[in-house]
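Asker: My questions concern the predicted model and sequence given below.
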Amino acid sequence: MQKDTAVFSLIQKELERQRRGIELIASENFTSLQTMQAMGNVMTNKYAEGYPGRRYYGGCEVVDECEQLAIDRLKQIFNLEYANVQPHSGAQANAAVMLALLQPGDPILGLDLSMGGHLTHGSSVNFSGKLYQPHFYGVGRETGTVDYEMLEAKAREVKPKLIVCGASAYSRDWDYARIRKVADEVGALVMADIAHPAGLIAKKLLNDPFDHCHIVTSTTHKTLRGPRGGIVMLRKDFENPFGIKDPKGNIRMMSSLLDLAVFPGTQGGPLEHIIAAKAVAFGEILTDEFTVYAKQIISNAQAMSKAFNDKGYKSISDGTDNHLLLLDLRNKNISGKKAEQVLGKADITVNKNMVPFDDKSAFVTSGIRVGVPAVTTRGMKEEHMQFIVDSIDAALMNADDEAYLSSLKGKVNEFMTQFPLYPELG
Ligand SMILES: *Cc1c(COP(=O)(O)O)cnc(C)c1O
């Protein structure tokens, strides 16, 4: 067969884009070469509906071993009784949990999307807001941190079946114990969606959600630095308290309800090639090298926060505990949309983001979200954060000067040559 040069030249172009730019999208990262290479393998050819040792297809003995390895490594990372590594994405993991726990129309309570929450936590445009009855808590206008009193009051008012914590654009840690307390009071279960900070939680650099939250979900491609995918986890298995029965009418343990909800509930055949790459990434997370990496993420985020502060930028909650900052650009007289466009011209990639109580729409926004997991993987340390912040500030202060932005792009590209990305790929 002839090589598909149309597609492979685009892949090469994307590699060059990733190499030359400063990647600050907080949900992105660069997998190791071996994790990436594990994705492109013959396991993509295999149908393996079911779980290791109980499949609906023959010839699964090898993928069984590989999926079990991924499960065992994930259990070791977070000290778990149960893990499901099959969800194709974070959204799929959340869909499976809700299918396992809830009946259509049941009330759920999550962080408002416009305050840092995620679409799958009850947004009206998402299955979670269409199938269930969504309610929201928010952050304090002054503090920028989760308003736990509001969360408690809402929980008592709407009696949710499920309280969801975790966020996509929130720079602070969570008080899981406090959420569990009100959940017990109103008869709700708690799901922590740690899609963003999972890599930091894996290394105990943030509060541990597992002892307080009944169920924990995550993506595998953000701070966990694995392939694009999702996972569902339990530290302790337990009997489903809502008396939800499996399709045969039996009361089941949460682990088996979750397995059923992933397959056949929301997915068909698992992506065994991706699961192989998850196993590789989980193996890397168990090393001391990853501990060093996770600590560096936090140091870099702190250094970046200070550098932005020194230049008069405002971040929501005035700083960060994790890997990201949510900047409110209103005092700099530039919208999030414009900032994203302008920075793009200098090969600095960020995403526009609504800030809490934003007066601009989701398409325009008053803020940008900046995260350091990807640049930390490239090898940057605290001292490199100043260059990034200086470059961002210079771009935003010269937003309409095309010649300036183009010369800045040259400097950014030159700077990035210090941090080789996939040099083995030529
Ligand atoms: C990124 C994210 C997800 C969704 O992950 P996908 O893999 O894009 O579906 C879910 N929840 C939170 C909090 C996230 O940040």
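Answerer: Sure, I can see it. Every value quoted in this text rests on a predicted model; they were computed, and no experiment measured them. Residues are numbered from 1 along each chain as shown.
Asker: So which bits of the protein are right by the ligand?
Answerer: 27, 89-91, 118, 120, 166-168, 193, 195-196, 219, 230 (CB under 6 Å from any ligand atom). Any C-beta I mention is one placed from the backbone N, CA and C, and that applies to glycine too.
Asker: quick check, nearest of the residues you listed to Phe238?
Answerer: Here the nearest of those to Phe238, counting by CB to CB, is Asp193; it sits at 18.8 Å.
Asker: circling back to that earlier point, so which of the residues of the chain next to the ligand are in helices?
Answerer: 90-91 (DSSP state H).
Asker: of the residues of the chain next to the ligand, buried ones?
Answerer: 27, 89-91, 118, 120, 166-168, 193, 195-196, 219, 230 (16 or more other CB atoms under 10 Å).
Asker: Where does pLDDT dip in the stretch 201-350 of the chain?
Answerer: The stretch 201-350 of the chain contains residues with pLDDT under 70 at 246-247.
Asker: How about the contacts made by whichever residue of it sits closest to the ligand?
Answerer: Residue nearest to the ligand within the stretch 201-350 of the chain: Thr219 (4.5 Å; CB to the nearest ligand atom). Residues near Thr219 by CB atoms under 8 Å, 6 or more residues apart in numbering: 27, 89-90, 93, 195, 198, 228-231.
Asker: Have a look at this protein and report its longest helix.
Answerer: Assignment by DSSP H; longest helix in the chain turns out to be helix 288-310.
Asker: Give me the buried stretch members for that helix, please.
Answerer: Under 16+ other CB under 10 Å, the buried positions of helix 288-310 are 290, 293-294, 296-298, 300-305, 307-308.
Asker: Which single residue in the protein comes nearest to the ligand?
Answerer: Counting by CB to the nearest ligand atom, the chain gets nearest the ligand through Gly90, at 2.5 Å.
Asker: List the contacts of that residue.
Answerer: With CB under 8 Å, 6+ apart, Gly90 has these contacts: 118, 120, 193, 195, 217-219, 230.
Asker: So which of these sit within strands?
Answerer: 193, 217-219, 230 (DSSP state E).
Asker: Give me the contact list for the longest helix of the chain.
Answerer: By CB under 8 Å, 6+ apart, helix 288-310 touches 171, 199-200, 202-203, 205, 223, 225, 284, 315, 319-325, 327, 370-373, 375-377, 380-386, 388-390.
Asker: distance between the ends of stretch 374-384?
Answerer: 13 Å (CA to CA, to the nearest Å).
Asker: Please identify the buried residues of that stretch?
Answerer: Result for stretch 374-384 [16+ other CB under 10 Å]: buried residues 374-378, 380, 384.
Asker: Same check on stretch 81-93?
Answerer: 82-93.
Asker: rewinding a little: redo the residues of the chain next to the ligand as a markdown table? Include distance to Arg54.
Answerer: Shown next, in a markdown table, are those (distance: CB to CB, whole Å):
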| residue | distance to Arg54 |
| --- | --- |
| Ser27 | 34 |
| Ser89 | 24 |
| Gly90 | 25 |
| Ala91 | 26 |
| His118 | 32 |
| Thr120 | 28 |
| Gly166 | 31 |
| Ala167 | 36 |
| Ser168 | 35 |
| Asp193 | 28 |
| Ala195 | 28 |
| His196 | 33 |
| Thr219 | 26 |
| Gly230 | 21 |
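Asker: and which of the residues of the chain next to the ligand is nearest to Met1?
Answerer: Ser89 (30.1 Å).
Asker: ok so, going back, let me know the closest of the ones in strands among the contacts of Gly90 to Gln76.
Answerer: Nearest to Gln76 among these, with distances taken as CB to CB, is Ser218, at 15.3 Å.
Asker: Is Lys388 in contact with Ile22, as I believe?
Answerer: That one is not Lys; residue 388 is Ile. Yes - between Ile388 and Ile22 there is a contact under CB atoms under 8 Å: 5.9 Å.
Asker: which neighbours do those two share?
Answerer: 348, 375.
Asker: do you know how far Leu162 is from Gly129?
Answerer: 13 Å (CB to CB, to the nearest Å).
Asker: Phe415 now?
Answerer: 42 Å.
Asker: ok, now Gly229?
Answerer: In terms of CB to CB, Gly229 sits 23 Å off from Gly129.
Asker: Show the residue spans covered by the helices in the stretch 301-426 of the chain.
Answerer: 336-345, 373-377, 382-397, 402-416 (DSSP state H, counting those that start in this stretch).
Asker: looking at these, which is buried most?
Answerer: Highest mean neighbour count among these (mean count of other CB atoms under 10 Å): helix 373-377, with a mean of 25.
Asker: Now do that one: which elements does it pack against?
Answerer: strand 22-23, helix 288-310 (3 or more CB pairs under 8 Å, 6 or more residues apart in numbering; DSSP states H and E).
Asker: packing partners for the shortest one?
Answerer: When contacts are defined as 3+ CB pairs under 8 Å, 6+ apart, strand 22-23 sits against strand 348-349, helix 373-377, helix 402-416.
Asker: Among the ones you listed, which comes closest to Asp211?
Answerer: It's helix 373-377; of those, that one is closest to Asp211 (CB to CB) at 25.1 Å.
Asker: what's the average pLDDT for that closest one?
Answerer: Across helix 373-377, pLDDT averages out at 98.
Asker: Please report how far the closest residue to Asn413 other than its chain neighbours lies from Ala395.
Answerer: Closest residue to Asn413 apart from its sequence neighbours, by CB to CB, 6 or more residues apart in numbering: Arg20 at 4.6 Å. Applying CB to CB, the value for Arg20 to Ala395 is 16 Å.
Asker: Over to Lys311?
Answerer: 12 Å.
Asker: For Ile71, pull up the helix or strand it's in.
Answerer: Ile71 is part of helix 61-78, with elements assigned from DSSP states H and E.
Asker: in that helix, what's buried?
Answerer: So, applying 16+ other CB under 10 Å, buried residues of helix 61-78: 63-64, 66-71, 73-75, 77-78.
Asker: Then stretch 29-43?
Answerer: 29-32, 35-36, 38-39, 43.
Asker: what's the first-to-last distance across stretch 210-223?
Answerer: End-to-end distance (CA to CA), stretch 210-223: 17 Å.
Asker: so how far is it off the chain centroid?
Answerer: 10 Å (CA atoms, centre = their mean, to the nearest Å).
Asker: got the buried residues for it?
Answerer: Those would be 210, 212-223, for stretch 210-223 by 16+ other CB under 10 Å.
Asker: Also stretch 327-337?
Answerer: Here stretch 327-337 shows 327-330, 332, 334-337 as buried, counting by 16+ other CB under 10 Å.
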